[in-house]
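Novice: Whatever this is, show me its structure:
(2 chains)
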Amino acid sequence: MSNAVAPHGQFLAFVKRECPTCVLVAPVLLQLAEHVELSVVSQDDPTFPRGVAVRDDGDLDLSWRYGIETVPTVIRLENGVEQGRVIGWQREEWQLLTGVSDLGPDLPEWRPGCGSRTVDPHIASELRVRFGRTALRARRVELAPLEDEMEIAFARGWSDGLPVVPPTERRVLDMLQGTTRQPGEVVAVVPPDLVECTVEKVAINAVMAGCKPEYLPVVIAALQAACTDQFNIHGVLATTMPVGPVIIVNGPIRRAIGMNAGMNVFGQGNRANTTIGRALQLAIRNVGGGRPGEVDRATFGNPGKLSFCFAEDEEGSPWSPLSVALGAAPGANTVTLFPGEAPRSIIDQLSRDPESLARSLAVNLRTLHHPKAVLGFDCVLAIGPEHARVFAAAGWDRERLAARLHELLQIPGSELVRGAGGIAEGMPEHFRDATIPKFHPGGLLIVHCGGRAGLFSAMIGGWANGPLGSQPVTREITL
Amino acid sequence: MTTRTTEREPSSGRVLLDPTSERSPALRQRLPRPQSLNGLTVGLLDITKARGDVFLDRIEQRFSAHGATVRRFRKPTFTKPAPTPLRQEIATACGFVLEALAD
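Specialist: Residues are numbered from 1 along each chain as shown, chains lettered A, B, ... in the order given. Model (predicted):
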């Protein structure tokens, strides 16, 4: 028999039928209702539990207002003010809170509860929108009644030419769950308009690009790297050369978010690769105002300006990651931004010793932008796994390969000067007697990626390098 | 703040968040007016309502007097939108277009 000791105040019990613990405590609720003023609030079924008065909370209004995260939750109120709550089934705690003893004598001492419907990810963001508890500050744009939501981005100039996911409040709130940063935090000042960009604006553009929330920290880091003076995204946009930001991701986050470092690594089909690169470009377009035909003056551009983002194949690599070669801590999650043109294939199916293969790579690298163009451009050299195996078998590390390529790419000035080879393009005449390297030391970024089959590598040329152009930038990804 | 196309339009209830720097007004802007008609090609589209051609004849005279080249177009019927080839032809050939709505 239950024994009412000191019933006082009112009680609210939040339950849902779907929760086995709530079903377990249903008899206890009947027991309590005999002794105290109890309202049972049901989140999913107003007929549950039978035998007591139930307040239907199908719209989750009460549950939201009381901040319920777990059911069952019992709350004691006095004059409408909460005095205490117990979460899940805990006999002693329930008895202490309600002043009723001998509750549920046949039940176990303790059972954890289930998640409240208010914390269901899809419902939670809808509730935040409904109850106006969002910290979102972006201007709201209401669609006209006949306006197609897939057309609005084209009509308003928000699109890169492909359809975008409409950035609704719910989707943007979901996206913001991907970072611990506050929506109002300014993460970058975006050229060319030099606009302060908040996490919220990055999230809106990430939604439009098709990102999942877990990609957001990568997008933020990429935008921060792009907006540094060293990377100089303004110059990357404004140049007539065919380059755009290329994002290379290192660290455990690559696998955590399912990035592609293998087969078809520069191609289509992987959501993380494709949408992260696209989100960066959309943010530059929409927040920074960097649009083709305006500040973007590229003669040709390249298809990678829609999106060019990939991961290094660290697991299959004989070498340490690119990020470590560029100074990042081993194991750190990083983005490296490079101002790159479209990738170009280097085929060598016959070299089985490293010297032959290095020479093969060098003669191809020599042609970057123009066989007579030296020192002005950096390059990403992507070594495919079958080529990497040749170097690894001979004990060549990344540094040895880079050093040998540097030796092989020392070019006599007589081949570079204007008029040499019957070609007007070239270096001024006074370089004739000099020997000039194709790349500055460190101007060749060697990365390991690509499919396991194919004796190929690839090169991605940059645009003007150095302090007056762009320098590659590596930045740690902060969750 | 929610922006609406006009105050009289009913609410669609569909709201998107602006991805831009918000330096431009939320309402779509008209294209800038040309400084001069000199050298421009003006398309005059007759939607085939009665006496629309009379109106456009007079407009053509006025535009020509200002140095514009005028090209005339005609919709097969005013009851339907202009066919795609006609729209594309106008967009390719003209700097701007004037549509005659008559009744």
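Novice: Tell me where chain B has strands.
Specialist: For chain B, the strands defined by DSSP state E occupy B:2-3, B:15-17, B:41-46, B:69-74, B:96-100.
Novice: ditto for the stretch 201-350 of chain A
Specialist: Counting by DSSP state E, counting those that start in this stretch, one finds strands in the stretch 201-350 of chain A at the ranges A:244-250, A:309-311, A:334-340, A:344-347.
Novice: Tell me which of those approaches chain B most closely.
Specialist: Closest approach to chain B among those is made by strand A:244-250 (17.9 Å; Cβ to the nearest Cβ). (Glycine included, C-beta is placed from N, CA and C.)
Novice: Where is the longest helix in chain B?
Specialist: helix B:52-65 (DSSP state H).
Novice: okay, now B:L44: neighbour count?
Specialist: Neighbours of B:L44 under the rule other Cβ atoms under 10 Å in any protein chain shown: 23.
Novice: quick one on the thing from earlier: lowest-confidence stretch among the strands of chain B?
Specialist: Ranked by mean pLDDT, those end with strand B:2-3 at the bottom, a mean of 44.
Novice: Distance of the residue nearest the centre of chain A relative to chain B?
Specialist: Nearest to the mean C-alpha position of chain A, counting by Cα atoms, centre = their mean, stands A:Y215 at 2.0 Å. Distance of A:Y215 to chain B, given as Cβ to the nearest Cβ, to the nearest Å: 16 Å.
Novice: same check, this time on A:I284
Specialist: Using Cβ to the nearest Cβ, A:I284 is found at 11 Å from chain B.
Novice: and that residue, how many neighbours does it have?
Specialist: Residues within reach of A:I284, counting by other Cβ under 10 Å, total 29.
Novice: measure it to B:V42 for me?
Specialist: For A:I284, the distance to B:V42 equals 37 Å [Cβ to Cβ, to the nearest Å].
Novice: count of residues packed around A:K16?
Specialist: Neighbours of A:K16 (other Cβ under 10 Å): 24.
Novice: can you check A:G269 too?
Specialist: 9.
Novice: same thing with the one 3 residues further on?
Specialist: The criterion is other Cβ under 10 Å. On that basis, A:A272 has 23 neighbouring residues.
Novice: likewise A:G267?
Specialist: Neighbours around A:G267, by other Cβ under 10 Å: 12.
Novice: Quick one: the helices in the stretch 301-450 of chain A, in order.
Specialist: Under the criterion DSSP state H, counting those that start in this stretch, the stretch 301-450 of chain A contains helices at A:322-325, A:354-365, A:385-393, A:398-408, A:413-416.
Novice: Does A:S457 touch A:E386 like I think?
Specialist: No - when contacts are counted by Cβ atoms under 8 Å, A:S457 is not listed as touching A:E386 (9.1 Å).
Novice: Name the residue in the two with the higher neighbour count.
Specialist: Neighbours were counted for A:S457 and for A:E386 using other Cβ under 10 Å; A:S457 has more, 27 against 17.
Novice: so where's the longest helix in chain A?
Specialist: Per DSSP H, chain A has its longest helix at helix A:271-286.
Novice: Quick one: work out the angle between that helix and strand A:334-340.
Specialist: For helix A:271-286 against strand A:334-340, the angle by axes from the mean of the first three to the mean of the last three Cα atoms, to 10 degrees is 60 degrees.
Novice: Identify each buried residue in helix A:271-286, please.
Specialist: Within helix A:271-286, the residues that count as buried by 16 or more other Cβ atoms under 10 Å in any protein chain shown are A:272-286.
Novice: cool, and stretch A:293-313?
Specialist: Residues of stretch A:293-313 classed as buried: A:295-296, A:298, A:301-302, A:304-313 (neighbour count, 16+ other Cβ under 10 Å).
Novice: and the gap between the nearest residue to A:L280 once chain neighbours are set aside and A:W463?
Specialist: Nearest non-adjacent residue to A:L280, counting by Cβ to Cβ, 6 or more residues apart in numbering or on different chains: A:A222, 4.7 Å away. To A:W463, A:A222 is 18 Å away according to Cβ to Cβ.
Novice: if we can go back for a sec, between the buried residues of helix A:271-286, which sits nearest A:H448?
Specialist: A:H448 lies nearest to A:N273 out of the buried residues of helix A:271-286, by Cβ to Cβ, at 16.0 Å.
Novice: which non-adjacent residue is nearest A:G178?
Specialist: Going by Cβ to Cβ, 6+ apart, A:G178 has A:P213 as its nearest residue, at 3.1 Å.
Novice: do A:T274 as well
Specialist: In space, and not counting its chain neighbours, A:T274 is closest to A:S307: 5.2 Å by Cβ to Cβ, 6+ apart.
Novice: and the one you found, what pLDDT?
Specialist: A:S307 carries a pLDDT value of 98.
Novice: A:A203 now?
Specialist: A:A203 is assigned 98 on the pLDDT scale.
Novice: now do the one 10 residues further on
Specialist: Per-residue confidence at A:P213 stands at 96 (pLDDT).
Novice: Report how many residues lie close to it.
Specialist: Residue neighbour count, defined by other Cβ under 10 Å, stands at 18 for A:P213.
Novice: Now that it has come up, it's in contact with A:M175, right?
Specialist: Yes - taking contacts as Cβ under 8 Å, A:P213 lies within contact range of A:M175: 5.1 Å.
Novice: that older thread, counting neighbours, go ahead and name the busier of A:A222 and A:W463.
Specialist: Using other Cβ under 10 Å, the more surrounded residue of A:A222 and A:W463 is A:A222, with 30 against 23.
Novice: any weak-confidence spans in chain B?
Specialist: For chain B, the stretches flagged by pLDDT under 70 are B:1-11, B:102-103.
Novice: Which single one of the buried residues of stretch A:293-313 is nearest to chain B?
Specialist: Relative to chain B, the closest of the buried residues of stretch A:293-313 is A:V295; by Cβ to the nearest Cβ it sits at 13.4 Å.
Novice: Pull the contacting residues for the closest one.
Specialist: Counting by Cβ atoms under 8 Å, 6 or more residues apart in numbering or on different chains, A:V295 touches A:P192, A:H234, A:L237, A:A238, A:G289.
Novice: out of these, which is most surrounded?
Specialist: With neighbours taken as other Cβ under 10 Å, the top of the contacts of A:V295 is A:L237, carrying 27 neighbours.
Novice: The longest strand belonging to chain A pairs with which strands, parallel or anti?
Specialist: The longest strand of chain A (DSSP E) is strand A:456-464. The pairing partners recorded for strand A:456-464 under DSSP bridges are strand A:344-347 (antiparallel), strand A:377-383 (antiparallel).
Novice: which one of those strands has the most crowded surroundings?
Specialist: Ranked by mean neighbour count under mean count of other Cβ atoms under 10 Å in any protein chain shown, the strands paired with strand A:456-464 are led by strand A:377-383, which reaches a mean of 24.
Novice: Export only the CA atoms of it, formatted as CSV.
Specialist: Extracted C-alpha coordinates of strand A:377-383, given in CSV (Å, rounded to 0.1, in the frame of the first residue of the first chain):
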residue,chain,number,x,y,z
PHE,A,377,54.6,29.3,-60.2
ASP,A,378,54.2,26.6,-57.6
CYS,A,379,52.8,23.2,-58.2
VAL,A,380,51.1,20.3,-56.4
LEU,A,381,52.5,17.0,-57.6
ALA,A,382,50.1,14.2,-56.8
ILE,A,383,52.0,10.9,-56.7
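Novice: what bridges to A:F310?
Specialist: Taking DSSP bridges as the rule, A:F310 bridges to A:I248.
Novice: Distance check, it against B:K75.
Specialist: 50 Å.
Novice: now swap in A:G258 and tell me
Specialist: Distance, A:G258 to B:K75, by Cβ to Cβ: 52 Å.
Novice: Who has more neighbours out of those two?
Specialist: Using other Cβ under 10 Å, the more surrounded residue of A:G258 and B:K75 is B:K75, with 19 against 14.
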